[in-house]
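> Attaching a predicted model along with its sequence, questions to come.
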Amino acid sequence: MDELLSEFLTETSESLSTLDVELVRLEQEPNAPDLIDNIFRLVHTIKGTCGFLGLPRLEAVAHSAENVLGKVRDHELVVTPVAVSLILKSLDRIKDILAALEATEAEPEGDDSDLIGQLDAMALGQVIPGIDEPAAEPEAKPVERQLKEGEATEEELERAFLETEIEETEIEPIEVAEIAAPVKATPIEAKVEPEPHAEKSGEPSVASQSIRVSVDVLETLMTMVSELVLTRNQLMQMVRGQADSEFKVPLQRLSHVTTELQEGVMKTRMQPIGNAWAKLPRIIRDLGHELDKKIDLQMLGADTELDRQVLEMIKDPLTHMVRNSADHGLETPAERAAAGKTETGKVVLNAYHEGGHIIIQIKDDGRGINVEKLRAKMLSTGMATEAEVGEMTDQQIQMQIFAAGVSTAEKVTSVSGRGVGMDVVRTNIEKIGGTVELASQWGKGSTFTIKIPLTLAIVSALIVESCEDRFAIPQLSVVELVRASKESEHRIEMIKDTPVLRLRNRLLPLVYLGDCLKLANASEHELTEGAEVFVVVSQVGSYTFGIVVDRVFDTEEIVVKPVTPLLRDIAMFSGNTILGDGSVIMILDPNGIAATTSDTKVGERSDDDEHHAQAVSASDTTTMLVFRAGSEEPKAVPLSLVARLEEIEVDTVENANGQNLVQYRGKLMPLVKMDDGCNIRESGRQPILVFADGDHSMGLVVDEIVDIVESRLDIELTASQAGYLGSAVIEGKATNIIDVGHYLSAAFSDWFTSPDEAAFGEDDVRSLLLVDDSPFFRNMLTPLLEVAGYKVTVAANGDEALALREKGVAFDCIVSDIEMPGMNGFELAEQVKSDSRWQETPIVALSSHVNPKDLERGRNVGFSDYVGKFDRDALLSTLSQTLAEKVEVA
Amino acid sequence: MSAQDTSNSNSPSLDAVDEPSNGAESEEFVTAIIDGQLFGIPVLSVQDVLGPQSLANIPLAPPEVAGSLNLRGRVVTAIDLRKRLGMEPADREKSMSIVVDHHGELYSLLIDEVGEVLRVPMLNYERNPPTLDPRWRDISQGIFRLDGRLLVILQVQRLLDIIKLAVAA
């Protein structure tokens, strides 16, 4: 039997039995979205596979069933017993056809139009009188005909199979050429896979070179070898103690043999990735025919080996992705020619090793991903609000193709386009600890990069010690190691009880491993002279933190064993392992440590990745420094604005002109007190926050630094009190966000003042409209401008700004960002200038990068001036100049 | 062509309680002594009997979990039966242990001393007295009357319900 066919039969019958169970469950819990998704995917997979194998009858039935399920998933249909029975009935039909297929290797003849008619009618929301009646819905028919034109007349069936056979012979030599090398390298590989279907007798003589071994046997062998290694290690250790042992030489030999045996057995688990690719040439060829595309599939690095367990897991996602690249990625020959490309589209599959990982790239030179279209799609399906979409980078939006329910294909074809698939791909890859990334350029093509561990069973891990217990940390999540001691440049500093480490001008939050595992009393962290600890810098998502351990040993290849169910609830561990010396140690899970120790959004963040819509907000967090000054309630300031945290000796504070000053870095730095009666201490050391800007620096006197947290900067109330921006909820507490600008101007009266400020009087307050998509920037610029005497109104985008115009609000000047999602600054300016209401209002452009071309374009569309985003002096002087000019004109 | 993960396919529960009265005339138990009390564990669930072992500490584990050890390349979780039964703690490093297999995982039950393997007639079986300490009643399957002493039969399944216990507490 055709290998593809036999594999398909096994897989599909597995899926079908799962489906039976799942559907019954669905009937009981009709509102479980996971269940619906899963059912939908299974049916989708069956349909897709049928399509490729040229099984039109099966495909037609599955397609119609999928239509119904799709409606259910999109909440257009409710789950009723009738619907479930109908789906079950179609599954039964599929099973019947499969049984015949298995027996005869051909799809049996028969007519499914009754069933398909019912399914389509249901998909259209029509009530079905009785399932068993052949409900010939006249409206439903045309739809079905359109979708499955000419399903399965006998000749066609015949022809389809003839074609299939021809393809087989055509494609064979290519396949052999592609995978010949790996087969030679490990003759055993092909035989490792369990093959439930008996092959026909009379195998070619090549087969006698290898034998079939069941995977179980290999697994047992692997376990035995591990034990042997451990025993060998024990013996070695015993002999090492004795100077002259008669066992030394034989043991040496035993050791050698054991090592070789271990390597040999490991090798049996490894298979070339080409095995997972074997099906692809044919799939691509069929796809090319079906879609009328010319596709050139190149496969590089097919002999890259990886663990068979990983291989199994990666096989389906890979197939799916290649199919997607060919279907969605590549254009039709006509389109390609029009775009100045060669008619033949290229899909390149490349696999290679990189530092304990396998990197697999799937690259096409097709049309790339249309970010705008995807953006619109996300809005129309309600996956994200306009504001959320607006704040996403192109990269983030592109990644949305991995979310469930997104498809860029305009029409639903039998190949793809239902938005199922890429999320499955990602789920499968992530399940084995891999990642998938996407880089796409509109018009040029897309590259998917999959990074997966070589093996799941054995990982490289760093062995560390804390409080005399040893632990393993997967090397994957370790970024670097830092030695910290009292004397070295890396010193652990405390903010209240929170340890931090300065690492390349950033504060790295630290976690004592002993503390978070409750190994020792936490207070004993004060390092004595000469003592040192190690900081294992780990990265979880975008959160970087340090794990403080007492000692660092070596990296070791460890065999990961799952923890007993009794301990599954402990998030800190991802497994346990037996070291070379026979001791059992726990494998730490940095993810769990981060989630349990930091209260940040780390945990949620990984969720967010799944819940696409929230992905935006996660990237939107700001690191806040929380402190107390004067009153009890916490106050906070974005950490990025703080230059340093210092403690100064109170004795060194000088007093001049009623202002407290301190000598700091060779200059006099003014100390500013918070208004709430926070006073400089009588004696000892005084914590201060240092804010610096160019030549100026200022110390803000605080009582206590509480914490550094990552939080969304959602300022909820604009405080009426000077010195505060407003309050935000940080760590569940209402926290006042201080207005740094206020204190800066208190310290240096000239900090913000521009020479021309006097151009308009005190009472003549100028109104400004600030348009910027970044909430952080809005929050930072607003106080700055307000301090300078403007009345500021903010808008998050061009539309909001124009809405204000509709309301009849007038401003003296508009300050607008250039790079904004949706309507950009140039477009906004055009809009503003095109309407009489705001025509006279000068617009100042803000941009993070100013180049001459932009400048010119800006002037053309009506910007009065152009200011770099981070140049506040320039902004203020430009504003006052612009307004002065306006007054003159008026 | 995706081999979908069918993790949610309900695996049939293996929590079959090993009732001793399954028609057999007698039952065989490995006996253990903890604090002078004789306990029995069905002989078929016993994998190994070990002398004192050094245990690797498992931080954050429930107090009943004494640690883990390496038994011929497999990781075995040690359960302190004294703790589990609410008795005074003893030196774990000196305890002997009975290794049982439960759902494919190995657990070593720390006890004071291993006794003989006993075959006891079903005639001597009796249900737990209702006045028994609830902690014991929960994990005891019943009592066998022996000559001069009583044999408390331990249910491995219940013994390992430590997580549930922690939640309930």
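Done, it's in. Predicted model, so just to flag it, every value in this text is computed and none were measured.

> What is the neighbour count of the residue nearest to residue A:365 when sequence neighbours are not counted?
Residue nearest to residue A:365 in three dimensions, not counting chain neighbours: residue A:445, with 4.2 Å by C-beta to C-beta, 6 or more residues apart in numbering or on different chains. From N, CA and C alone the C-beta is placed, and that goes for glycine too. By other C-beta atoms under 10 Å in any protein chain shown, the residues close to residue A:445 number 23.

> and if you look at residue A:346?
19.

> pretty sure it belongs to a helix, no?
No - Residue A:346 is assigned strand when assessed by DSSP: H, G, I helix; E, B strand; the rest coil, not a helix.

> Which strand residues bridge it?
Taking DSSP bridges as the rule, residue A:346 bridges to residue A:296.

> Phi, psi for the residue nearest to residue A:365 please.
Main-chain dihedrals, residue A:445, degrees, to the nearest 10: phi 130, psi 180.

> tell me the contacts of it?
With contact taken as C-beta atoms under 8 Å, 6 or more residues apart in numbering or on different chains, residue A:445 is in contact with A:329, A:363, A:364, A:365, A:366, A:367, A:368.

> Can you dump the C-alpha atoms of stretch A:89-101 in CSV for me?
This file holds the C-alpha atoms of stretch A:89-101, laid out as CSV (Å, rounded to 0.1, in the frame of the first residue of the first chain):
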residue,chain,number,x,y,z
LYS,A,89,-23.3,10.7,11.1
SER,A,90,-20.9,12.2,8.7
LEU,A,91,-18.0,10.8,10.7
ASP,A,92,-19.6,7.4,10.4
ARG,A,93,-19.8,7.9,6.7
ILE,A,94,-16.1,8.8,6.7
LYS,A,95,-15.4,5.7,8.6
ASP,A,96,-17.3,3.6,6.1
ILE,A,97,-15.4,5.1,3.2
LEU,A,98,-12.1,4.6,5.1
ALA,A,99,-12.8,0.9,5.7
ALA,A,100,-13.4,0.4,2.0
LEU,A,101,-10.3,2.4,1.2
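
> Can you give me the neighbour number for the residue of the stretch 751-890 of chain A found nearest chain B?
Among all residues of the stretch 751-890 of chain A, residue A:821 sits closest to chain B, at 34.9 Å; criterion: C-beta to the nearest C-beta. Residue crowding around residue A:821 was assessed by other C-beta under 10 Å; the count is 19.

> excluding its backbone neighbours, what's nearest it?
Nearest to residue A:821 is residue A:390, by C-beta to C-beta, 6+ apart, at 4.1 Å.

> from what I can see that neighbour touches residue A:798, true?
No - applying C-beta atoms under 8 Å as the test, residue A:390 and residue A:798 come out as separate, 10.1 Å apart.

> which of those two has more neighbours?
Neighbours were counted for residue A:390 and for residue A:798 using other C-beta under 10 Å; residue A:798 has more, 24 against 19.

> quick one, what contacts the residue in the stretch 401-550 of chain A that chain B sits nearest to?
Per C-beta to the nearest C-beta, residue A:517 is where the stretch 401-550 of chain A lies closest to chain B, at 3.6 Å. By C-beta under 8 Å, 6+ apart, residue A:517 lies in contact with A:466, A:469, A:572, B:59, B:60.

> Recalculate using a threshold of 7 Å.
Neighbour list for residue A:517: A:572, B:59, B:60 [criterion: C-beta atoms under 7 Å, 6 or more residues apart in numbering or on different chains].

> coming back round to it: now for residue A:390 and residue A:798: what residues contact both?
By C-beta under 7 Å, 6+ apart, the residues touching both residue A:390 and residue A:798 are residue A:822.

> Was I right to think residue A:79 contacts residue A:26?
Yes - counting by C-beta atoms under 7 Å, residue A:79 does reach residue A:26; the two are 5.9 Å apart.

> can you count the residues close to residue A:808?
7.

> phi, psi of it?
phi 90, psi 20.

> Then residue A:392?
phi -90, psi 140.

> where along chain B do the strands fall?
B:26-34, B:37-42, B:46-50, B:65-71, B:74-80, B:96-102, B:105-111, B:113-121, B:125-126, B:140-145, B:150-154 (DSSP state E).

> Spit out the contact partners of the residue nearest to residue A:821.
A:773, A:797, A:821, A:822.

> For those, give me a markdown table that also has secondary structure and pLDDT.
Shown next, in a markdown table, are the contacts of residue A:390 (DSSP: H, G, I helix; E, B strand; the rest coil; pLDDT from 0 to 100):
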| residue | secondary structure | pLDDT |
| --- | --- | --- |
| A:773 | coil | 76 |
| A:797 | coil | 83 |
| A:821 | coil | 73 |
| A:822 | coil | 74 |
